[in-house]
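*Asks:* What shape does this take:
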Amino acid sequence: MKKILSQTMSIALLAASPLALTACGQSNAQEADRFAKVEIKTEQLADGVAVLFGAGGNIGVSYGPDGTVLIDDQFAPLTPKIQAAIAALGAEPVKYLINTHWHGDHSGGNENFGKTGALIMAHDHVRERMMGTQKSGKGNDPASPTEALPVVTYHDGLKLHLNGDEVQVKHMKHAHTDGDSIIFWKKANVIHMGDTFFNKVTLPFIDIESGGNVAGILAAAETVLTMVDDETKIIPGHGPMANKADLIAYRDMLKSVIGTVETARTESKTLAQIQAMKPAARWDTNKDAFIKGDAFVEAVYKSFENPAHKEHDHKH
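*Replies:* Now for the predicted structure:
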């Protein structure tokens, strides 16, 4: 059941991608047909750094003499198209792969890239959830194949010194999930925020069952705002490229909705009463969004009920 739920969620997340696929519950043939129609679009961000838009999470690519680094890999059927887009950049096949989190629209191609020799890296909890070994919360059931699993894992983060740049990987605690990472190219001044940032296409998705919490989403936005400047190019998990002003607007939206929900809770208002107040209405403008106002408010409300998730926040 967990696997079915995670697949359903991943397909649904496509609605938040630049090239949306529709409907859950479609047949495998229909799904394959939809993936067949997906086009991978490339946008050059800096010398040796690009972003790929397809179906699912946005992909970061860093390439040069030290090898190609991929940030997320969307769905397995798209791997050949992703590989073709990478080759079109003049880049070598993927040598390193970093998952921003465990969801299938960001890690579905892991097995394919793992089998071609890519070294997969991610937060500790990403490997745990893909192995299906979490004692509580959502995870893969059955577990992902060995080739799909991160080989290098970390608790706080790591740095890669590749292609003339310093690539900083930092864990963002209990945000979209309990295993989110952001990736910052220091010299290129590009940052990939994974699903800690949904830009303009939907309200935030907070996967409570995977240890997510709105406080962590806000903290991630605040952290990244200390790292960027007006020239920084920000890759969101879903949606078009963003800049510092976009992230400030996102941060301000989070603070507004969180503040309204928090105040209403102290007044003993129920979830239904708070939803009726429509605290996210100003930003709930995309009728095709994956996460609408009521769902986002519910996730904010539940974040206050489970503020710590300390059982998942252990050192390894």
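*Asks:* So for stretch 93-100, mean pLDDT?
*Replies:* Computed over stretch 93-100, the mean pLDDT rounds to 98.
*Asks:* Enumerate the positions of that stretch that are buried.
*Replies:* 94, 95, 96, 97, 98, 99, 100 (16 or more other CB atoms under 10 Å). Every C-beta, even on glycine, is put in place using the N, C-alpha and C of the backbone.
*Asks:* Show the average pLDDT along stretch 128-139.
*Replies:* Per-residue scores along stretch 128-139 average to 78.
*Asks:* Quote the end-to-end distance of it.
*Replies:* The straight-line separation of the ends of stretch 128-139 (CA to CA, to the nearest Å) is 8 Å.
*Asks:* again with stretch 169-177
*Replies:* Distance across stretch 169-177, first residue to last, is 16 Å (CA to CA).
*Asks:* tell me the mean pLDDT for that stretch?
*Replies:* Mean predicted lDDT for stretch 169-177 stands at 97.
*Asks:* do the same with stretch 219-229
*Replies:* 98.
*Asks:* And it, what's buried?
*Replies:* 219, 220, 221, 223, 224, 228.
*Asks:* Repeat that for stretch 243-251.
*Replies:* Neighbour-count burial for stretch 243-251 [16+ other CB under 10 Å]: 244, 246, 247, 250, 251.
*Asks:* that older thread, quick one: which of the buried residues of stretch 93-100 sit in strands?
*Replies:* 94, 95, 96, 97, 98 (DSSP state E).
*Asks:* Hmm, the fourth one is touching residue 74, no?
*Replies:* When you say that, I think you mean residue 97. No. With contacts defined as CB atoms under 8 Å, residue 97 does not count as touching residue 74, sitting 11.8 Å away.
*Asks:* Let me see the ranges of the strands in the stretch 201-316 of the chain.
*Replies:* 233-235 (DSSP state E, counting those that start in this stretch).
*Asks:* just checking, what's the longest helix in this structure?
*Replies:* helix 244-266 (DSSP state H).
*Asks:* can you list the residues that contact that helix?
*Replies:* 197, 199-200, 204, 214-215, 217-218, 221-222, 224-225, 228-230, 232, 234, 273-274, 277, 279-280, 282-283, 296-297, 300-301, 304 (CB atoms under 8 Å, 6 or more residues apart in numbering).
*Asks:* Same question for stretch 158-169.
*Replies:* 48-49, 62-67, 69, 96, 98, 121, 152, 154, 157, 181-188.
*Asks:* For it, buried residues please.
*Replies:* 158, 160, 162, 163, 165, 167, 168, 169.
*Asks:* nearest spatial neighbour of the fourth one, skipping sequence neighbours?
*Replies:* Ranked by CB to CB, 6 or more residues apart in numbering and with sequence neighbours excluded, the top spatial neighbour of residue 163 is residue 64, at 3.1 Å.
*Asks:* follow-up on the earlier one: which of the contacts of helix 244-266 count as buried?
*Replies:* Among those, those classed as buried by neighbour count (16+ other CB under 10 Å) are 197, 199-200, 204, 214-215, 217-218, 221, 224, 228, 232, 234, 274, 279-280, 283, 296-297, 300-301.
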